[in-house]
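> The following block contains a protein sequence and its predicted model.
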Amino acid sequence: MSHGRTAFAILCVWTMAGAVCAADMAGWYTFEATSASEPGAIGMQDWLQKPAGKHGRIVRQGDRLVYNGKPIKLWGNNLCYSACAPSKDLADKRAAFYPKYGINSVRLHKFADGHGWAGIQSKESVAEFDAEALDRMDYQVATFKEAGIYTKLSAHFGTMKMGPADKRDVPYLDEFGRFDGRKNRVSAPHSALFYSTELQNLHIRQIVNLLGHRNPHTGLTYAEDPAIVAVEIINEQSILFYTSMGPLQKSATLRRTVGERFSDWLKQRYGSHDGLLKAWGKKALDSFGREVPQAVGEHLDKRNILPLGNPWFWEPQQLAGTQSYRRQRLVDSMEFLYQLQCEAYDRYVKAVRAAGYKGEILGSNWQAGRALSHYYNLHTDYRVGLIDRHNYFGGARRGLKPGAFNNAGMLAVPGSGMLSAGMQQVVDRPFMLSEWIHVQPNEWGVEGPALIGAYGMGLQGWDASYMFQNSDGGGFSSRLAQPWDVTVPQVLGVFPAVARQVLRGDVRESDVRATRYVHVPSLREGKLDFDDRVAQEHDVKTFNSDKVPAATLAVARSVVEFTDAYRTTPAFDLAKYDRGGVLTSTTGQLRWTAGKARLDGHVTIDTAATKAVVGFAQGKTCTLGDVTILPQSRFAAIYVTARGRDENIRTAKSLLVVAIARARNTGQRLNEAENEVLDAGKPPILMEPVKATLTISGKSGSATVHILDHDGRRTDRTLPIEGGTIAIDGARDKTMYYEVAYD
């Protein structure tokens, strides 16, 4: 079967509605961006105030981040490992390239996950830094600052990867593993940090050493620099997650110290071993021998009782069913572990504040199952500061044959997928999604920025977004190859429209709240009057609830409120916003048409400065105030947006049109019906053409429609406009960008 730039196979996609057949890759055009940093018509460099932190720190005020007295949105991406400490040439290239696409913040992640390729650690210790690598990171932070880009610090993946010198701080380090000449790092098990004051001390020393380091390129310490917007305590960790028993299985020292602490805690609560037996029942003791073989011969006077369990054991159904015989042990363990996590976070925050850092701090970005353990965990993050979470969509899944992947979209089910992570937003805290992306080869990546930008950063009022990737070359990728890649054209290419919408605040935050009430002291009694559901496979998670379902994210602000007294949660009336399968936001600006199959559904955005249709809307006339969009392609994200920061569609002298669908490598072949990659292909990247008719009214003066190149610069080609109507055709025009300029 032949594939290429003009190719031609007919594929049938079987959906719930039947077979959908379309010419495959007919008219797809080569993506030819040079990654030039000059603004062109799409550039947003002048939207970023320079340097970052010019007017002081970004601070938390209630449920939002504020800078210079005004709310601020952070729209950014991740860099990981040694990509956080690049060559100076690459650092300069990124600092010039990112602002063009509205990126005003970067999360430096795993910058101290090890040494060499794994980060800036010295060869000997997790808490000391390699001088040359640190200087490279210093320079990247400084160039970002000068470009108006804020930095979020996330030191490592989550487990402490300790070097030989760290045995001074953690004498029992050998219980986690041994150095053998080839291996010069030993990782603590997931969740171990919260059990171990020694690990906490080392973890704290690492960040305090960095905060006290004076960046020679800014003249400020990291603690002093207002361009450091947030410090993350630990990535993707919770003592209440499924990993909770791992450290106790691994380390005799932790079993002893934690057993002593938990036993003392139980003695204070129950008075004696007899009191404990009365509360727990005899069967609860020595009942975790399968999970932790050493957990036998338990007795309060021996101080050897361990706080064991994980989210499966803490499930409400399990507590009332198979685990009922040791229910009190499990809920006591959950409460004790919650307190340990709070204690660890408190120690870290105190040390970071003592080091002079006055910016934002967050706990972690993980979750702990659902219901009781979930809300205990969320409350530990709430106590620290802003709430941060992670979510992904697509990628390989269990049950799929090798080579197959999840090629569904998020548009079919309102509020689903990555967006559902917003169900962990807390009413009086800023909210951040610091890792998210459609995992390639999922083809619908453009819907991610569209949905997170409009519904997350807009309607829900989220404050910060960092799409995930490990690294980039300071420009567009030449090939679709990495599972997580922000700089592919079908993702970064839509930023000139979405970032304008986000940074300008085009989509209003809903003033209607769909609230779930949680009283933390009541969790130990199992009191929670709604039923949350969490489906998770590794990083891909979907959240839902009975009284306030995930679909509520499409209409109102979905939040958790931690209360001073127990309150019942009322059911949210979603039906009043449902107009024949179309969920309309309380602001009236967003409409989500649910799909009838996994590749179906679309949303419209109707604000004063941005009009858009995203999804499977072929042949549907979408009237959005002064702009009407009629998509003629099966799938697309089509935006019409005012170019200027203080403009709207009516007042702008220039409008930007962005029209993006899918992207594939040259020669790439997919069996769409089976979601299977047959051939990964090679460079260059090909773009699926978007065809649509746009009608713009309410504008005075004559207009010229300029066809822009892939860097957003005007070409010598124009399109006719008659009666405000423009016909765009990517196959003919070979672009995703247009500028409508008015005299």
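Arrived safely.

> So what's the residue count around residue 293?
Residue 293 has 9 neighbours, counted by other Cβ atoms under 10 Å. Glycine gets a C-beta too; all of them are placed from N, C-alpha and C.

> ditto for residue 460
Neighbours around residue 460, by other Cβ under 10 Å: 24.

> Same question for residue 515.
20.

> ok now do it, which residues does it touch?
Residue 515 is in contact with 427, 548, 559, 560, 561, 569, counting by Cβ atoms under 8 Å, 6 or more residues apart in numbering.

> can you put those in CSV and add secondary structure?
Below are the contacts of residue 515 laid out as CSV (DSSP: H, G, I helix; E, B strand; the rest coil):
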residue, secondary structure
427, coil
548, coil
559, strand
560, strand
561, strand
569, coil
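
> Take those residues and lay them out in JSON lines including distance to residue 716.
Formatted as JSON lines, these follow (distance: Cβ to Cβ, whole Å):
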{"residue": "427", "distance to residue 716": "54"}
{"residue": "548", "distance to residue 716": "54"}
{"residue": "559", "distance to residue 716": "51"}
{"residue": "560", "distance to residue 716": "55"}
{"residue": "561", "distance to residue 716": "58"}
{"residue": "569", "distance to residue 716": "61"}
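
> ok, of these, which one's closest to residue 359?
Nearest to residue 359, judged by Cβ to Cβ, of those is residue 427 at 22.4 Å.

> shouldn't that closest one be in contact with residue 558?
No: with contact defined as Cβ atoms under 8 Å, residue 427 does not count as touching residue 558 (10.1 Å).

> who has more neighbours, those two?
Taking other Cβ under 10 Å, residue 427 and residue 558 do not tie; residue 558 has more neighbours (29 against 17).

> quick one: that one from residue 637, how far?
Distance of residue 558 to residue 637, given as Cβ to Cβ, to the nearest Å: 24 Å.

> and what of residue 416?
Applying Cβ to Cβ, the value for residue 416 to residue 637 is 18 Å.

> With residue 139 instead?
36 Å.

> and those two? which has more neighbours close in?
Neighbour count, other Cβ under 10 Å: between residue 139 and residue 637, residue 637 has more, with 29 against 21.

> that's a strand at the more buried one, yeah?
Yes: counting by three-state DSSP, residue 637 is found in a strand.

> Show me which helix runs longest in the chain.
helix 327-354 (DSSP state H).

> Next one, pLDDT for the residue nearest the centre of the chain please.
Note on the chain: the residue nearest the mean C-alpha position is residue 435, at 2.9 Å, using Cα atoms, centre = their mean. We have a pLDDT of 98 for residue 435.

> Strand partners (parallel or antiparallel) of the next helix or strand after the longest helix of the chain?
Next helix or strand after helix 327-354 toward the C-terminus (DSSP states H and E): strand 360-362. Take DSSP bridges as the rule and strand 360-362 pairs in its sheet with strand 228-232 (parallel).

> how much does the partner strand deviate in direction from helix 327-354?
Put simply, strand 228-232 runs at 150 degrees to helix 327-354, going by axes from the mean of the first three to the mean of the last three Cα atoms, to 10 degrees.

> From residue 368, how far out is residue 531?
From residue 531 to residue 368 the distance is 17 Å (Cβ to Cβ).

> The two: which is more packed in?
Neighbour totals were compared for residue 531 and residue 368, and residue 368 leads with 29 against 13 (other Cβ under 10 Å).

> For residue 326, give its distance to residue 271.
Distance from residue 326 to residue 271, by Cβ to Cβ: 20 Å.

> per-residue pLDDT, the closest residue to residue 40 other than its chain neighbours?
Nearest residue to residue 40, sequence neighbours excluded (Cβ to Cβ, 6 or more residues apart in numbering): residue 712, at 3.5 Å. If you check residue 712, the pLDDT there is 98.
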